[in-house]
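K.L.:
I would like the atomic coordinates for the input below:
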Amino acid sequence: MKKNRRWGFWALGIVLCLAAGLAWRTGLINTHLVLASTETKNAAHQQLGEKARTVGVVHPWAATDGTAVTLPGRARANQKATLFFRVSGPLARIHANPGDRVKQGDLLLELDDRDYQRQVKVMESKLASARANLLKMKTGARPEDVRIIESSLTAARADLSLATKELERYDILYKHQAVAEQAYDRAKTSVLSLTARVASLEQQQVRDTSGARKEDITAARAGIDEIRIRLDIARDQLSDTRLLAPFDGVVTKKIPQAYEMVAQGQPVMTLDDISLLDIPVAVPENQVGLFMDRDPAIRYAAVFLTRKNREYTARLSEFSRRADPATGTYEFVFTITPDPGDVIFPGMTAEIKLLTGPASLQSQGLAIPLQSLLGVAGNSAHVFIVDPGTRTALRQPITFEALARSTEVMVTGLSKTDLVVTQGSAFIRQGEALTFENPAQKGVQ
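P.N.:
The predicted model follows:
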């Protein structure tokens, strides 16, 4: 019984093997495998389509906006100065305060000048005295003065003669020890003193009658020149107690208060000339050639945040030929002339635009919406484009330049056939599946 059952199992196995071989030869198994694989792929594609992110795309278009570059800057006064007094003293009067417009030569501040006035008077008196003395040396003394000198000289000579005779008598007595030594010394001293006086009066008589020597007159003139210079210094110091505006401008800062002591050279006020404003901008290396272009069709304009609807004509006034070691950019300075009533002050944010004429429009590149840019670093960034074959996101590095329309940038690194992601670009990643409608036209954001 068991033997018959074993033969039955063997027979069933042989039949199944024959059936499998027949199916393989006829391709039945391959057909079922292919169908199963196809169904799996279709299901996967269906599941992928359900998870794909919907984005907005656009083709880059030709940039014909008329603007090549826009660079940020900050306005500063074309001319500015920190004012100070050249002398010291207490601040007496204030004639201008921050915000006041002043003209060149207007009085701004005054120091107490009493000490400087007195110094001027002292030097004026010394100068008058020195000039009178020089005149006396050149013309000689008056006749009455000469007579007085002659009388004094006659009296001095008589006194000397008497003193000489007394000294002779004292000399005889001293030799015989008939007079004290102290009395003898007084007699000798009297003779010496009267001899010196007679010599001085004789010199004065010669000078008063014949005039002073040339070297004395030269020395007197040199003394007068020295006093005159010291008088000029005193007058300058007196004038320096009044601080005047060196140019037309606006007072931007006043440091000391009234009656405070002000030291020589201490900053007391700042003055800015805002009739002209300078706007320095940092120009990247790849744009230096644009700003150095002398094409007459190129012009520059400045726009301020406070006056967005107004463009000011700008001119390139100076530029640096050496790059900043930290940023690698070059400083270009543009100058504008604002209207007197415009609310534009130093320190305000501005933009310098390089405007081009029709002849240069053809050299411009392709434009895309500003919102497409990601990872902006200087003038470099990247965008996401759609791979048309796999419909997945691809990261594309680009360089850009701002256009006059704040919502557009001119780029390099793209072609007109690229599908650039605009809406939703900040939420996708490399290789992510995307779905989109027809590309947007220029101006549709």
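
K.L.:
which residues touch the residue minimising distance to the centre of the chain?
P.N.:
For the chain, Arg76 is the residue whose C-alpha lies nearest the centre (Cα atoms, centre = their mean; 8.0 Å). Going by Cβ atoms under 8 Å, 6 or more residues apart in numbering, Arg76 touches Leu277, Asp278, Ile279, Pro280, Pro346, Gly347. C-betas here are computed from N, CA, C, even on glycine.

K.L.:
next: Gly375.
P.N.:
Contacts of Gly375 were listed using Cβ under 8 Å, 6+ apart, and they are Ala381, His382.

K.L.:
over to Asp216?
P.N.:
The neighbours of Asp216, taking Cβ under 8 Å, 6+ apart as the test, are Met137.

K.L.:
how far away is the residue nearest to Leu354 when sequence neighbours are not counted from Val411?
P.N.:
For Leu354, ignoring the flanking residues on the chain, the nearest one in space by Cβ to Cβ, 6 or more residues apart in numbering is Val69 at 4.3 Å. Separation of Val69 from Val411 (Cβ to Cβ, to the nearest Å): 13 Å.

K.L.:
what do you get for Ile217?
P.N.:
As judged by Cβ to Cβ, Ile217 and Val411 stand 88 Å apart.

K.L.:
before we move on, what about Ile279?
P.N.:
In terms of Cβ to Cβ, Ile279 sits 26 Å off from Val411.

K.L.:
which one of those two has more residues nearby?
P.N.:
Each of Ile279 and Val411 has its neighbours counted (other Cβ atoms under 10 Å); Ile279 has more, 26 against 22.

K.L.:
skipping its backbone neighbours, what lies nearest the more buried one in space?
P.N.:
Nearest non-adjacent residue to Ile279, counting by Cβ to Cβ, 6+ apart: Gly73, 4.3 Å away.

K.L.:
report pLDDT for that neighbour.
P.N.:
On pLDDT, Gly73 comes in at 91.

K.L.:
kindly report the same for Arg213.
P.N.:
pLDDT for Arg213: 71.

K.L.:
repeat for Ala19
P.N.:
pLDDT, Ala19: 55.

K.L.:
in what helix or strand does Met137 lie?
P.N.:
Assigned by DSSP states H and E, Met137 belongs to helix 114-139.

K.L.:
quick check: next helix or strand after that helix?
P.N.:
Going down the chain from helix 114-139, the next helix or strand is helix 143-175, by DSSP H and E.

K.L.:
list the buried ones in that following helix?
P.N.:
Ile149, Ser152, Leu153, Ala156, Arg157, Asp159, Leu160, Ala163, Leu167, Tyr170, Tyr174 (16 or more other Cβ atoms under 10 Å).

K.L.:
so where do the helices sit in the protein?
P.N.:
Using DSSP state H, the helices of the chain run over 2-26, 28-51, 114-139, 143-175, 181-210, 214-239, 288-292.

K.L.:
tell me the angle the third one makes with helix 181-210.
P.N.:
Think helix 114-139. Put simply, helix 114-139 runs at 80 degrees to helix 181-210, going by axes from the mean of the first three to the mean of the last three Cα atoms, to 10 degrees.

K.L.:
which parts of helix 114-139 are buried?
P.N.:
Quick answer for helix 114-139 (16+ other Cβ under 10 Å): Tyr116, Gln119, Val120, Met123, Lys126, Leu127, Ala130, Arg131, Leu134, Lys136, Met137.

K.L.:
quick check, the last one in contact with Ala220.
P.N.:
It refers to Met137. Yes - contact criterion Cβ atoms under 8 Å: Met137 and Ala220 qualify, at 5.8 Å.

K.L.:
give me the beta-bridge partners of the residue nearest to the centre of the chain?
P.N.:
Asp278 (DSSP bridges).

K.L.:
picking that back up, any chance of the buried residues of helix 114-139 in a markdown table with distance to Pro60 as columns?
P.N.:
As requested, the buried residues of helix 114-139 are arranged in a markdown table below (distance: Cβ to Cβ, whole Å):
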| residue | distance to Pro60 |
| --- | --- |
| Tyr116 | 74 |
| Gln119 | 79 |
| Val120 | 78 |
| Met123 | 81 |
| Lys126 | 87 |
| Leu127 | 85 |
| Ala130 | 89 |
| Arg131 | 90 |
| Leu134 | 92 |
| Lys136 | 99 |
| Met137 | 97 |
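
K.L.:
nearest to Gly249 among those residues?
P.N.:
If you rank these by distance to Gly249 using Cβ to Cβ, Tyr116 comes first, at 27.3 Å.

K.L.:
which non-adjacent residue is nearest the closest one?
P.N.:
Leaving aside its sequence neighbours, Tyr116 sits nearest to Leu238 (Cβ to Cβ, 6+ apart; 4.1 Å).

K.L.:
the residue nearest to Leu354: neighbour count?
P.N.:
The tally of other residues near Val69 (other Cβ under 10 Å) stands at 21.

K.L.:
list the contacts for it?
P.N.:
Gln287, Leu290, Phe291, Lys353, Leu354, Glu401, Ala402.

K.L.:
of these, select the buried ones using a PyMOL command.
P.N.:
Buried residues within those, by 16+ other Cβ under 10 Å, are selected in PyMOL with:
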select buried, resi 287+290+291+353+354+401+402
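
K.L.:
thought Arg310 was touching Ala302?
P.N.:
No - using Cβ under 8 Å, Arg310 makes no contact with Ala302, being 9.3 Å away.

K.L.:
which one's more surrounded, these two?
P.N.:
More neighbours surround Ala302 than the other of Arg310 and Ala302, with 24 against 14 (other Cβ under 10 Å).
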